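> predicted model follows, preceded by the sequence.
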Amino acid sequence: MRQKILIVDDEENILDLIDYNVKNAGYETSRAIDGREALALFEKEEYDLIILDVMLPYVDGFEILKVIRKRSSVSVLMLTAKTEELDRVLGLELGADDYLVKPFSVRELLARIKAILRRTGENFEGDTDKIISKDIILDINGYKAFIGGNEVKLTMKEFELLKYLMQNKGRVFTRENLLNNIWGYDYYGDSRTVDVHIRHLRVKIEENLGENKYIKTIRGVGYKFEESL
């Protein structure tokens, strides 16, 4: 079954460009030209990825992302203007999996889509049904995380990041390593994508913020997963 992508942009030429190339790459698509239409489609259908522009009529991309994250862990790729650095940071803070800056090349767009979706619907050799570390249990097949027996809602990228760190317990990864292995593209000089996702994970899995019981920061290097006594 083909993976399904919702494309949301109020510039019809960009919408046509993305839709055409995403379909040619083998994905099924739906499209929306404003925020209201995007929310209506989100309520009606299930998607593997949502490509979401920030600036939209009626309901902007940030408000749509808030609604999405209250109800779903579907992957979201934000489209942001080149000059709006705060948009990129805010999108990550609200739960976007990644962002792409306009203007962008079709090649880069398709690479990002492939990177975000590369694990969806696939089985990987060496994966077990569960990864357990003290009071954290990851249900690999169900993409669910449990802390102290209670389910914790993680986005797809948060889950993949935690899974990767737990599978490599005690190993230190640079931000570049994590971008390449989790997001699947070369490091472009911006570590905030990793830092924001690490911060979100800590909020969700740590009992006492600031203690960093599981995810350790190695100053000047990166991060590692470790079980503190």
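Happy to help now that I have it. Numbering: from 1, shown residues only.

> only C-alpha atoms from now on, for both contacts and neighbour counts.
Fine.

> now stretch 103-122: buried residues?
Buried residues in stretch 103-122, counted by 16 or more other C-alpha atoms under 10 Å: 109, 112-117.

> buried ones in stretch 68-76?
In stretch 68-76, counting by 16+ other C-alpha under 10 Å, buried: 68-69, 72-76.

> the buried residues of stretch 103-122 in helices, which ones?
109, 112-117 (DSSP state H).

> save these as CSV, and put in distance to residue 217 too.
Converted to CSV, those look like this (distance: C-alpha to C-alpha, whole Å):
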residue, distance to residue 217
109, 31
112, 27
113, 29
114, 29
115, 25
116, 25
117, 28
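
> quick check: the farthest pair among those residues?
Using C-alpha to C-alpha, these reach their maximum pairwise distance at 109 and 117, which is 12.3 Å.

> can you tell me the closest non-neighbouring residue to the residue nearest the centre of the chain?
With distances taken as C-alpha atoms, centre = their mean, residue 97 lies nearest the centre of the chain, 2.2 Å away. Nearest residue to residue 97, sequence neighbours excluded (C-alpha to C-alpha, 6 or more residues apart in numbering): residue 76, at 5.4 Å.

> residue 58 and residue 98, how far apart?
In this view, residue 58 and residue 98 are 23 Å apart by C-alpha to C-alpha, to the nearest Å.

> the more surrounded of those two?
The neighbour comparison of residue 58 against residue 98 (other C-alpha atoms under 10 Å) goes to residue 98, with 21 against 10.

> from residue 22, how far out is residue 196?
28 Å.

> actually residue 168, not the one I wrote
From residue 168 to residue 22 the distance is 34 Å (C-alpha to C-alpha).
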